[in-house]
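*Asks:* Got a sequence here, can you model it:
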Amino acid sequence: MFKVSLLKNRNAHLGQLPEIAVLRLSALGDVVLCASMVLHLVKSKKFKIAWITTSQSRQLLGDIEGVEFIIVPKPKNLKSFMECRRILRSYTFDYLLLAQASFSAHFVSMHVKAKRRFGFDQSRSKDFHGFFINERIEHREEHFVDAYYSFASMLGLKKPAIINWNGLFQSDRNQELWNFEFPRTDRIMAINPSASKTERNWDINSYVTVIDYAHNKGIGVIVTGGSEQNELNLNEQICHRCKESPLNLTGKIKLEAMPYLFKEIDFLLAPDTGSIHIARAVGTPVIGLYAVANHRLTGPYNANEFSINKFDLALKELFSSRQVNFHTRVHNPSAMSLIKEKEVIAKIDLLLDSLPLSESQ
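*Replies:* Just a heads-up that it's a prediction; the model follows:
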């Protein structure tokens with residue numbers, strides 16, 4: 001902290017704020033989780049902040065007051081690698097917060113000029129992370145959000161008592177939602193069934209059972225997802241098998257409008273996906289389905305009361321290795337089948353009871 005104070009005093013004498021580069025390229029859920037820490041940096045008014053990320057992440061986040069976005073391609077080949085160099089060569093920073101331990105982020109970081117380069121502790125490092133940093137956050141078993149706040153702690157900022165995403169998703173980008181006729185029901189549930197890895201997907205017929213239950217209770221249902229063919233196929237199968245077809249918006253809503261859709265619904269049901277963190281950021285209750293990953297690491301931050309966690313059971317029944325830690329994943333196609341339909345239905349009922357009465361009730 002002494003070195004940080006010296007740097008701040010030097011820059012203050014020169015009439016400048018210390019310059020920080022936050023480097024988090026993907027995935028979208030992680031980008032949203034990281035955004036809370038970036039907003040904390042902004043609110044401190046102690047730094048000049050740039051966020052190095054991809055066009056897709058920028059599309060989702062929109063504008064953040066006090067943050068300059070530097071858009072780079074993921075360095076998949078020599079051409080994109082050199083493009084990163086061209087974009088970043090005119091920038092110099094006091095600090096780099098390398099908040100992603102991956103080859104793609106590391107290759108981008110090679111072009112970032114910064115004296116102090118903060119990264120993850122050894123247990124959370126991979127892809128030769130240590131070669132691209134010169135200081136590490138402390139080792140802790142904690143949620144990803146808390147890990148990002150550890151970067152802010154390295155800069156002398158205390159973690160706030162209440163963590164939020166105030167200042168994110170503030171612009172009026174919901175106009176395209178007006179093109180759709182939403183269910184005219186007192187309550188609306190959105191389901192985002194497709195995770196980035198199929199091992200995290202719940203059974204199709206289980207989703208159908210839950211949707212039919214929701215419809216029988218008078219709950220409107222919206223199915224969401226991206227435009228990838230596997231998502232389109234999965235969600236179409238789910239909708240086709242339902243007794244009453246839900247509103248299928250898969251691939252029909254632009255990424256930047258998704259947070260505003262989640263603001264309009266009453267709750268979201270999803271496996272371990274970025275949609276959970278988007279919904280959490282806008283204050284929408286979430287029923288998360290977890291078995292492959294530890295929900296204490298990747299679940300909706302400080303909002304797990306309605307989620308279903310079968311991770312510990314999956315470790316016991318489906319994981320053969322004795323080397324288990326906080327970050328272990330159960331890479332077994334049977335893991336998500338540990339989540340039963342009746343358990344999800346019970347969570348829906350519990351969540352509905354917790355909601356305030358709607359205007360028509």
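*Asks:* Could you measure from D353 over to S275?
*Replies:* 23 Å (C-beta to C-beta, to the nearest Å). C-betas here are computed from N, CA, C, even on glycine.
*Asks:* can you check F81 too?
*Replies:* For F81 relative to S275 (C-beta to C-beta), the value is 31 Å.
*Asks:* Could you check which of those two is surrounded by more residues?
*Replies:* Higher neighbour count among F81 and S275: S275, with 30 against 16, using other C-beta atoms under 10 Å.
*Asks:* Over to that one: give its phi and psi.
*Replies:* Backbone geometry at S275, expressed as degrees, to the nearest 10, gives phi -60, psi -30.
*Asks:* That one reaches P193, doesn't it?
*Replies:* No: S275 lies out of contact with P193 (C-beta atoms under 8 Å); the separation is 9.8 Å.
*Asks:* Mind listing the shared neighbours of these two?
*Replies:* Counting by C-beta atoms under 8 Å, 6 or more residues apart in numbering, S275 and P193 have no common neighbour.
*Asks:* roughly how far is the helix or strand hosting L232 from the heart of the chain?
*Replies:* Using DSSP states H and E, L232 maps to helix 229-241. Distance of helix 229-241 from its chain centroid, counting by C-alpha atoms, centre = their mean, to the nearest Å, is 23 Å.
*Asks:* what's the answer for stretch 291-307, then?
*Replies:* 12 Å.
*Asks:* Could you do stretch 286-298 as well?
*Replies:* Counting by C-alpha atoms, centre = their mean, stretch 286-298 comes out at 12 Å from the chain centroid.
*Asks:* buried stuff in it?
*Replies:* V286, I287, G288, L289, Y290, A291, V292, A293, N294, H295, L297, T298 (16 or more other C-beta atoms under 10 Å).
*Asks:* so which strand or helix has the spatially most central residue of the chain?
*Replies:* Among the residues of the chain, G29 comes closest to the average C-alpha position under C-alpha atoms, centre = their mean, at 1.8 Å. Assigned by DSSP H and E, G29 belongs to helix 28-44.
*Asks:* for Q56, same thing?
*Replies:* Assigned by DSSP H and E, Q56 falls in helix 55-61.
*Asks:* Packing partners of the helix or strand following that helix?
*Replies:* Using DSSP H and E, the helix or strand that follows helix 55-61 in sequence is strand 67-71. Judged by 3 or more C-beta pairs under 8 Å, 6 or more residues apart in numbering; DSSP states H and E, strand 67-71 is in contact with strand 48-53, helix 55-61, helix 78-88.
*Asks:* Counting by contacts, list what the longest one packs against.
*Replies:* What it means is helix 78-88. strand 67-71, helix 103-109.
*Asks:* if we go to 6 Å?
*Replies:* Helices and strands touching helix 78-88, by 3 or more C-beta pairs under 6 Å, 6 or more residues apart in numbering; DSSP states H and E: there are none.
*Asks:* relative to strand 48-53, how tilted is it?
*Replies:* 170 degrees (axes from the mean of the first three to the mean of the last three C-alpha atoms, to 10 degrees).
*Asks:* and the following helix or strand past helix 78-88, C-alpha only, in CSV?
*Replies:* Note on helix 78-88: by DSSP H and E, the next helix or strand toward the C-terminus is strand 92-98. Only the C-alpha atoms of strand 92-98 are listed here, as CSV (Å, rounded to 0.1, in the frame of the first residue of the first chain):
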residue,chain,number,x,y,z
THR,A,92,0.6,3.7,-20.8
PHE,A,93,-0.9,2.9,-17.5
ASP,A,94,0.2,2.9,-13.8
TYR,A,95,-1.6,-0.3,-13.1
LEU,A,96,-2.8,-3.3,-15.1
LEU,A,97,-5.6,-5.4,-13.5
LEU,A,98,-5.3,-8.7,-15.4
